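Q: Build me a structure from this.
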Amino acid sequence: LDSSNKVQYLLSGRMLNDGKVFIGLCDFIEPWDNLSMSQKKNLNHRYEMGCDCRIFRCYNLPCTLSTENECLWTDWLTDKSMNGEQAKQYACIKRSDGSCSWYRGGPPPDKEFLDISDP
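A: Have a look, this model is predicted:
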């Protein structure tokens with residue numbers, strides 16, 4: 001909460017060529033304080049590497065990808081959650097060969113040394 005008792009949110013969506021922004025029920029909408037350390041770091045460092053990638057949501061089996069620039073998102077299958085381990089710890093990024101794949105960064109820094117090891 002900020003000083004006026006309001007919650008800050010991270011909103012994801014789509015922006016069209018004309019600058020209009022669309023945010024729907026299936027987009028990622030989460031209170032900032034609920035984000036994992038990996039999610040917060042990925043916002044500044046890794047998510048932009050996946051701008052050419054498409055995340056394909058898999059809600060039931062079988063799931064298949066149709067192109068190499070897709071990452072298969074399976075949190076609903078494994079955790080019955082929209083914000084499971086994959087969403088909290090991984091980023092879909094474009095690899096050097098043009099394909100897309102999930103990437104997990106290193107473990108979060110030790111909180112005891114947060115100001116030293118993670119500026």
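Q: What are the boundaries of the strands in the protein?
A: Assigned by DSSP state E, the strands in the chain fall at 9-11, 14-15, 21-22, 29-31, 54-57, 70-73, 90-94, 100-104.
Q: For stretch 27-38, which outside residues touch it?
A: 7-14, 23, 83, 87-91, 104-105, 108-109 (C-beta atoms under 8 Å, 6 or more residues apart in numbering). For glycine as for every other residue, the C-beta is placed from the backbone atoms N, C-alpha and C.
Q: give me that answer again for 7 Å
A: Stretch 27-38 is contacted by residues 7-13, 83, 88-89, 105, 108 when judged by C-beta atoms under 7 Å, 6 or more residues apart in numbering.
Q: Poorly predicted segments of this structure, please.
A: Residues of the chain meeting the criterion pLDDT under 70: 1-3, 26, 44-50, 105-119.
Q: What separation do you get for residue 95 and residue 51?
A: Applying C-beta to C-beta, to the nearest Å, the value for residue 95 to residue 51 is 14 Å.
Q: nope, residue 36 is what I meant
A: 21 Å.
Q: Settle it for me: which of the two has more neighbours?
A: Taking other C-beta atoms under 10 Å, residue 36 and residue 51 do not tie; residue 36 has more neighbours (14 against 8).
Q: And that one, how close does it get to residue 88?
A: For residue 36, the distance to residue 88 equals 4 Å [C-beta to C-beta].
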